[in-house]
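Peer 1: the sequence and its predicted three-dimensional model are supplied below.
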Amino acid sequence: MLIGGLALSYYTREVYFTSDIDLAYADREALDAVLKSLNYVKKGRFWIQDELDMAVEVPTDELVDEKSPLESVELDFGLRCVIIGVEDLLIDRLNACKHWNSQIDCEMAELLIAHYSNELDWTYLKGKAELPENDTLSELMTFKKKRSS
């Protein structure tokens, strides 16, 4: 599953740009084999492909639970890419905004709410924002209120 900055780039239609690919993938051995076959080399926590000037990081096996909304994008050759749902991506940005004082993440959270406000599962979002590990409900509602003003 595509997560992190590249997922944010997808949802913001490339307003946000990132230079690496973050994945959540359970079968690390299979992914490692595929990356090796594509001439990626493991350097620390990243897989680097020098010819493409591209890095891949797999920070987690799973990021979402069975109730988490996901986006599925059809690609050429019958392939498909699963992307973290905008709701969980928004929670991630709200966490970075609040807990790391990341201004760019505050701006991206606001942009996601502005662009997807009518499509967001607000019940799901509020439930996730209320969880102790997130504690971002106040920020979520502040950005939502700004949007409706």
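Peer 2: Yes, it's here.
Peer 1: how about the helices in this structure?
Peer 2: 4-11, 28-37, 86-99, 103-116, 122-130, 137-148 (DSSP state H).
Peer 1: could I get those helices as TSV with mean pLDDT and distance to residue 59?
Peer 2: Heads up, the C-betas are built off the backbone N, CA and C, glycines and all. Output for the helices of the chain, formatted as TSV (pLDDT from 0 to 100; distance: least, Cβ to Cβ, whole Å):
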stretch	mean pLDDT	distance to residue 59
helix 4-11	95	8
helix 28-37	94	11
helix 86-99	96	11
helix 103-116	96	16
helix 122-130	96	19
helix 137-148	91	23
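Peer 1: so what does residue 69 look like in phi/psi?
Peer 2: Dihedral pair for residue 69: phi -70, psi 140, per degrees, to the nearest 10.
Peer 1: how about it: what's its closest non-neighbour residue?
Peer 2: Of all residues not flanking residue 69 in the chain, residue 85 sits nearest, at 3.4 Å (Cβ to Cβ, 6 or more residues apart in numbering).
Peer 1: contact partners for the one you found?
Peer 2: 64, 68, 69, 70, 71 (Cβ atoms under 8 Å, 6 or more residues apart in numbering).
Peer 1: ok, residue 59 - how many residues close by?
Peer 2: Neighbour count for residue 59, taken as other Cβ atoms under 10 Å: 11.
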